[in-house]
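*Asks:* Provide a 3D model corresponding to the input given below.
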Amino acid sequence: MSPTDLAKLEHSFASDPSSDAYKPLAEAYLDLGRFMEAMVVCKKGVKAHPTAADPRLLLARVYAAQNKDKKALEEVMGALQVQPEDKAALRMAGVLQIKGGEADTGRANLLKAYQADPGDPETVTPVS
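*Replies:* Sure thing, here's the model as predicted:
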């Protein structure tokens, strides 16, 4: 991503922090390894969209990228509180739970994600 593109995203977010502009900006920061900035933007996204799973899942990705799996799982569980059937949240919870030694709970969440959308290629891909 060019500095100009990043500046446009930052401007868009600064102009309206309650909009969905948090998402591309946080993803850009995450891709650039700028975890602190990504975290701040995600937290503002969570505050602006308290009934959406997406900002919490994005924040979980930021934590997971830093190997902070416990914090990532906390955010995923928060996403499931607001959207219990969200397949991405179920999938991520399952993966993190299996990684953290909670194999039965993790498998159960992966099964729920699969049942929500049996054709989803991300869900049917084996966990490594």
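*Asks:* make it CA atoms for all contacts and neighbour counts henceforth
*Replies:* Fine.
*Asks:* flag every buried residue along stretch 76-91.
*Replies:* Val76, Met77, Gly78, Ala79, Leu80, Gln83, Asp86, Lys87, Ala88, Ala89, Leu90, Arg91 (16 or more other Cα atoms under 10 Å).
*Asks:* packing partners of the helix or strand bottoming out on mean pLDDT in the chain?
*Replies:* When each helix and strand of the chain is scored by mean pLDDT, DSSP states H and E, helix 121-124 comes last, with a mean of 80. Counting contacts by 3 or more Cα pairs under 8 Å, 6 or more residues apart in numbering; DSSP states H and E, helix 121-124 is packed against helix 103-116.
*Asks:* now do the buried residues in the helix it packs on.
*Replies:* Counting neighbours by 16+ other Cα under 10 Å, helix 103-116 gives Gly106, Arg107, Ala108, Asn109, Leu110, Leu111, Lys112, Ala113, Tyr114, Ala116 as buried.
*Asks:* nearest to Ala64 among those?
*Replies:* Using Cα to Cα, Gly106 comes nearest to Ala64 of those, at 15.9 Å.
*Asks:* SS state for the residue lying closest to the closest one once chain neighbours are set aside?
*Replies:* Closest residue to Gly106 apart from its sequence neighbours, by Cα to Cα, 6 or more residues apart in numbering: Gly94 at 3.7 Å. On the three-state scheme (DSSP: H, G, I helix; E, B strand; the rest coil), Gly94 is labelled helix.
*Asks:* report all helices and strands that the strand or helix carrying Leu73 contacts.
*Replies:* Per DSSP states H and E, Leu73 falls inside helix 69-82. Contacts defined by 3+ Cα pairs under 8 Å, 6+ apart place helix 69-82 against helix 54-65, helix 87-99.
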